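Asker: what follows is a predicted structure for the sequence shown.
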Amino acid sequence: MNIIIAGAGAVGTHLARLLSNENLSVVLIDESEDKLSKLNNDLDIMTLNVAPTSINGLKNAGIGNADLFIAVTPNESENLTCCMLAKQLGAKRTVARVDNYEYMKQENRYLFESIGIEMLIYPELLAAKEIADSARYSWVRQWWDFNNGDLVLISVKMHDGNPKGDNEIRNEKNQLVGRTLKNIGMDGHKFHVIAIKRKGETVVPYGDEKIMPRDLVFFMTTRDQIDNIRHLVGKDDYPSVHNIMIIGGGKLSVRADWALPDNMNVKIVEPDMDRCEQLGKMLKNKTLVINGEGHDMGLLNDEGFGDLDAFISLTSNDEENILACIAARRKGIRKTIAQVENLDYLDMAEDLDVGTIINKKTIAASHIYQLLLKAAVDNVKMLTVADADVAEFVVKKNSKVTKNPVMKLGLPHGVNIGGVIRNGKGMLVQGSTRLQEDDRVVVFCIGSTLKKLDKYFK
């Protein structure tokens, strides 16, 4: 597959790195020679120093043979323009990054398809949804639902003790820590442990695997079992989330404010007064904007820091976000969310128990990546802290996965089928389960195993 990426910024560079690891033909174009020169030694890709809207530049990049053209420059208009040009010059499919919420409305989709743009991505909008989903539950690190919640994938940090205040330690009464999955399964619980991240490594566990303190455990279940999992992991007393403080007043904070449920009280702390005035016109009417620094503990305490149920740091500074969330957790705030864009910081942030981690690059890449798969895939999520992907495949008639029970499919190592949505109802998958045409199957894939599933589902 031949892929051209326009824009060597954070998202474009991450996509180029990701796709080059898949042994695909990738050309990255950008007007900035400095940006491209930094990549030439790191990536096995071709770079071209041209304007993305240059017709000759696109031709030199091989646009006539491009299977996929991805425009992710910082300029929305430039992205739309070069996608239209790319389509007219022979690109089979095009993707444009945008910053306008109106463009993302379903009723406007046909407008962009009519000018040759198959997909629009708005990274801040996608990240805001993940923030809102994770913020609803103070005891859950990540929350992803499928088919409006018929199946749910959550990740939970295992603790045998957890700070309640600065000096007080409380027992969690975690009923899963120290037990094997086989032993847990004998209790008849209606959930699957589909992956465990421990000491920087994510594994698909088998029956003899024990759940240990500090494990990040991924559960696949149905919505009616969420309270049962909460009880088993000893987090019954974690509060419901009503009062939230967001540090930073950027685009992501605005989108997060709109994505959060209306029953939540939100305060946004922003140091720039002019930006505060702009925010007052952009946010929900009940959202309070505070002019100040996010690291000013005196200000935060005056604004009810100790009464918060959730603390979200979304500044452009990763270090500030990480430290702010660590400080919040030490003050007893159970739910913390940090934006961490530097991929080298992800494992460190997880080890420091920062809480939920949001990375716009991986979220945007997830939505683009599904275009590379030949099988019918409705959803792909690249898990920020787990070096893993979750995909929702649609089973086709006579595909390989329909031929045998799941236990006899010979799926690649590192793949775990967690659940299936059949006739609109979510159900867990057992080894004896036989997949059927039109089933929507949720699959957990560690490392780069996702593309290996194409031959099973196509």
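Answerer: It's in.
Asker: contacts and neighbour counts: CA atoms only from here.
Answerer: Will do.
Asker: output the lowest mean pLDDT helix or strand found in this structure.
Answerer: Least confident helix or strand of the chain, by mean pLDDT, DSSP states H and E, is strand 169-171 with a mean of 41.
Asker: ok, now which ones touch the residue nearest the centre of the chain?
Answerer: The centre of the chain sits closest to I363, judged by CA atoms, centre = their mean, with a distance of 4.4 Å. I363 sits next to P123, L126, A127, K381, M382, T384 when contact means CA atoms under 8 Å, 6 or more residues apart in numbering.
Asker: dihedrals phi and psi, it?
Answerer: Backbone torsions of I363, given as degrees, to the nearest 10, read phi -70, psi -40.
Asker: so what pLDDT did it get?
Answerer: Looking at I363, its pLDDT reads 86.
Asker: what does K374 give?
Answerer: Here, the pLDDT recorded for K374 equals 63.
Asker: the strand or helix carrying K87 - contacts with which helices or strands?
Answerer: Using DSSP states H and E, the element containing K87 is helix 76-88. Contacts defined by 3 or more CA pairs under 8 Å, 6 or more residues apart in numbering; DSSP states H and E place helix 76-88 against strand 68-71, strand 94-97.
Asker: the same query, at a cut-off of 10 Å, please.
Answerer: strand 2-6, helix 55-60, strand 68-71, strand 94-97, helix 109-114 (3 or more CA pairs under 10 Å, 6 or more residues apart in numbering; DSSP states H and E).
Asker: using TSV, lay out those together with distance to T433.
Answerer: Listed next are the helices and strands packed on helix 76-88 as TSV, based on distance: least, CA to CA, whole Å:
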stretch	distance to T433
strand 2-6	37
helix 55-60	49
strand 68-71	36
strand 94-97	37
helix 109-114	37
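Asker: so for L252, which of the ones you listed sits nearest?
Answerer: strand 94-97 (14.8 Å; CA to CA).
Asker: buried stuff in the closest one?
Answerer: Under the neighbour-count criterion of 16 or more other CA atoms under 10 Å, strand 94-97 has T94, V95, A96, R97 buried.
Asker: picking that back up, ok, then the element right after the least confident helix or strand of the chain?
Answerer: helix 181-185.
Asker: mean confidence for that following helix?
Answerer: In the prediction, helix 181-185 has an average pLDDT of 90.
Asker: could I get the helix or strand following that helix in PDB with only the CA atoms?
Answerer: Heading C-terminal from helix 181-185, the first helix or strand you meet, by DSSP H and E, is strand 191-198. The C-alpha coordinates for strand 191-198 follow below in PDB (Å, rounded to 0.1, in the frame of the first residue of the first chain):
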ATOM      1  CA  PHE A 191     -16.400 -10.600  32.700                       C
ATOM      2  CA  HIS A 192     -13.100 -11.500  31.000                       C
ATOM      3  CA  VAL A 193      -9.700 -10.300  31.900                       C
ATOM      4  CA  ILE A 194      -8.400  -9.800  28.400                       C
ATOM      5  CA  ALA A 195      -5.000  -8.200  29.100                       C
ATOM      6  CA  ILE A 196      -2.700  -7.100  31.900                       C
ATOM      7  CA  LYS A 197       0.000  -4.500  31.900                       C
ATOM      8  CA  ARG A 198       2.700  -5.100  34.400                       C
END
